[in-house]
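*Asks:* attaching a predicted model along with its sequence, questions to come.
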Amino acid sequence: MARYTGPKSKIARKFREPIFGPDKALEKKNYPPGMHGNSRRRGKKSEYAIQLAEKQKAKYTYGVLERQFANLFDKAARKKGITGENLLKFLESRLDNTVYRLGIAKTRSGARQLVSHKHLLVNGVVTNIPSYQLKPGDVVSIREKSKSIEFVTNSLALRKDFSWLQWNGDNFEGTFLNYPDRQEIPENIKEQLIVELYSK
């Protein structure tokens with residue numbers, strides 16, 4: 001199972017955003033990483049560098065590696081509608097991301113681990129593929145033996161609601177109602193820059 005395993009605080013500082021969740025290092029050192037710290041002179045970025053950085057930010061945010069991201073972009077480009085928005089919709093409909101949005105896990109990496117360890121069901125069937133693409137109407141639920149895991153109960157106590165998801169606390173299950181509109185997705189990603197990068 002391929003996933004990013006490198007330093008997380010360094011990446012968060014690079015983009016100056018808490019990509020992997022709350023990060024004390026980002027609060028203490030709110031400047032990019034590097035040998036000379038905040039005193040380093042940083043030249044103006046080229047158009048390509050800005051576009052590449054936006055793609056990298058999206059990849060790290062959703063926990064997707066290069067080939068998988070490129071495949072999702074191809075799929076988004078073939079679908080009717082705005083390519084950049086389609087891409088974000090596909091990223092949001094991944095099983096690991098939906099588990100995170102439902103509040104079953106505090107971070108996407110935590111959600112990915114829950115999925116991989118077979119703690120979740122999709123429409124009543126154990127599914128351990130984090131990249132599984134949900135469709136409107138799909139129901140994600142926690143396995144009976146996993147409902148009492150402290151990691152899960154602590155996370156559910158802090159959960160937030162999203163308009164494209166419906167949570168049933170009594171049954172520990174959530175329904176993926178529909179693909180979210182762009183304005184509903186809270187991530188600070190300029191998807192048009194990613195489209196421009198891939199169309200070069």
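*Replies:* Good, I have the coordinates.
*Asks:* quick one: buried residues of stretch 144-152?
*Replies:* For stretch 144-152, the neighbour count (16 or more other C-beta atoms under 10 Å) marks 146, 149, 152 as buried. No exception for glycine: its C-beta is placed from N, CA and C like everyone else's.
*Asks:* show residues contacting it.
*Replies:* If you take C-beta atoms under 8 Å, 6 or more residues apart in numbering as the criterion, stretch 144-152 is touched by 104-105, 110, 114, 119-120, 142, 153, 172.
*Asks:* so Leu121 sits in a strand?
*Replies:* Yes. According to DSSP: H, G, I helix; E, B strand; the rest coil, Leu121 belongs to a strand.
*Asks:* before we move on, the earlier item: just the buried members of the contacts of stretch 144-152?
*Replies:* 104-105, 110, 114, 119-120, 142, 172.
*Asks:* give me the distance between the residue nearest the centre of the chain and Thr107.
*Replies:* Closest residue to the average C-alpha location of the chain: Tyr62 at 2.7 Å, with C-alpha atoms, centre = their mean. Remark: distance between Tyr62 and Thr107 (C-beta to C-beta, to the nearest Å) = 12 Å.
*Asks:* next, count neighbours for Glu184.
*Replies:* 12 (other C-beta atoms under 10 Å).
*Asks:* quick check: the nearest residue to it once chain neighbours are set aside vs Gly63, distance?
*Replies:* Using C-beta to C-beta, 6 or more residues apart in numbering and skipping residues adjacent in sequence, the residue nearest Glu184 is Ser163, 5.5 Å away. Computed as C-beta to C-beta, the Ser163 to Gly63 distance reads 23 Å.
*Asks:* for Pro180, same thing?
*Replies:* Distance from Pro180 to Gly63, by C-beta to C-beta: 18 Å.
*Asks:* which one of the two has more residues nearby?
*Replies:* Gly63 (23 against 20).
*Asks:* the more buried one contacts Gly110, doesn't it?
*Replies:* No. Counting by C-beta atoms under 8 Å, Gly63 stays clear of Gly110, with 10.6 Å between them.
*Asks:* inside helices: which ones of the contacts of stretch 144-152?
*Replies:* Those of those mapping onto helices are 110, 114, 153, per DSSP state H.
*Asks:* check those residues against Phe176 and report the nearest one.
*Replies:* Ranked by distance to Phe176 (C-beta to C-beta), those are led by Leu114 at 16.3 Å.
*Asks:* could you dump the buried residues of stretch 144-152 to TSV with pLDDT and distance to Leu158?
*Replies:* Below are those laid out as TSV (pLDDT from 0 to 100; distance: C-beta to C-beta, whole Å):
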residue	pLDDT	distance to Leu158
Ser146	90	18
Ile149	90	15
Val152	91	12
